[in-house]
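Participant: Please find the sequence and the predicted model below.
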Amino acid sequence: EEWEACAQLGQEAAVIARKAGVRISRLNVGGGFPNHRAVGVLPDLEAIFATINRVGRLIAANLNLDQLLQEAVETICEDLRLDSLGLGLIDPENPEMLILLRAVGAYAPDIPPNYRQSIHVGICGIAARTRHSVLLNDVARNPDYISMPGVSAIYAELVVPVVIGERLLGILNFESRQPI
């Protein structure tokens, strides 16, 4: 029974990893939001698939869920060479809220524990509601940007929704001190 649950989790995580790679490669830059533009360079498709492969190996390593999520977030942040990455999941008790489950990188120590955010505000909320990736390469120019308490010097943000079928599971929130 436990093995079947792990296998199911592994299959779902593999789907998430594939979808994240596809969503990043089809990044919706512009998205109808004023005051941002794409000036940076995203990792090439080969780098994205290498990251997916690394995450797949983590899944195959039979880690517990906490270890898997932490190591997957660290791997993605490291491979994409970004300053910070957060994984927010939809609260199962209140699907209008994102719960920051994991954060790694330069800003992680400054983020309040158990941070929660409504899907009706901010760039994370826009990505969650629209199910489209959002890239801002000058967060100061976008009125929807919400600065995390205790975190400063962020220049760019990329938010990628994690969706299986029509079901929103959460978001990956990449932040950087330079254009992405």
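Facilitator: Ah, there it is.

Participant: How about the secondary structure of the nearest residue to residue 103 once chain neighbours are set aside?
Facilitator: Spatial nearest neighbour of residue 103, chain neighbours left out: residue 86 (4.3 Å); criterion: CB to CB, 6 or more residues apart in numbering. (Glycine included, C-beta is placed from N, CA and C.) What DSSP: H, G, I helix; E, B strand; the rest coil gives for residue 86 is strand.

Participant: Kindly export the longest strand along the chain (C-alpha atoms) in PDB.
Facilitator: Ordering each strand of the chain by length in residues (DSSP state E) puts strand 94-105 first. Only the C-alpha atoms of strand 94-105 are listed here, as PDB (Å, rounded to 0.1, in the frame of the first residue of the first chain):
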ATOM      1  CA  ASN A  94      -8.800  26.900   1.300                       C
ATOM      2  CA  PRO A  95      -8.100  26.700  -2.500                       C
ATOM      3  CA  GLU A  96      -8.000  30.500  -2.600                       C
ATOM      4  CA  MET A  97      -4.700  30.500  -0.700                       C
ATOM      5  CA  LEU A  98      -1.100  29.500  -1.600                       C
ATOM      6  CA  ILE A  99       1.100  28.100   1.200                       C
ATOM      7  CA  LEU A 100       4.900  28.600   0.800                       C
ATOM      8  CA  LEU A 101       6.000  25.000   1.300                       C
ATOM      9  CA  ARG A 102       9.700  25.300   0.300                       C
ATOM     10  CA  ALA A 103      12.100  28.200  -0.300                       C
ATOM     11  CA  VAL A 104      15.800  28.100  -1.200                       C
ATOM     12  CA  GLY A 105      18.400  30.600  -2.200                       C
END
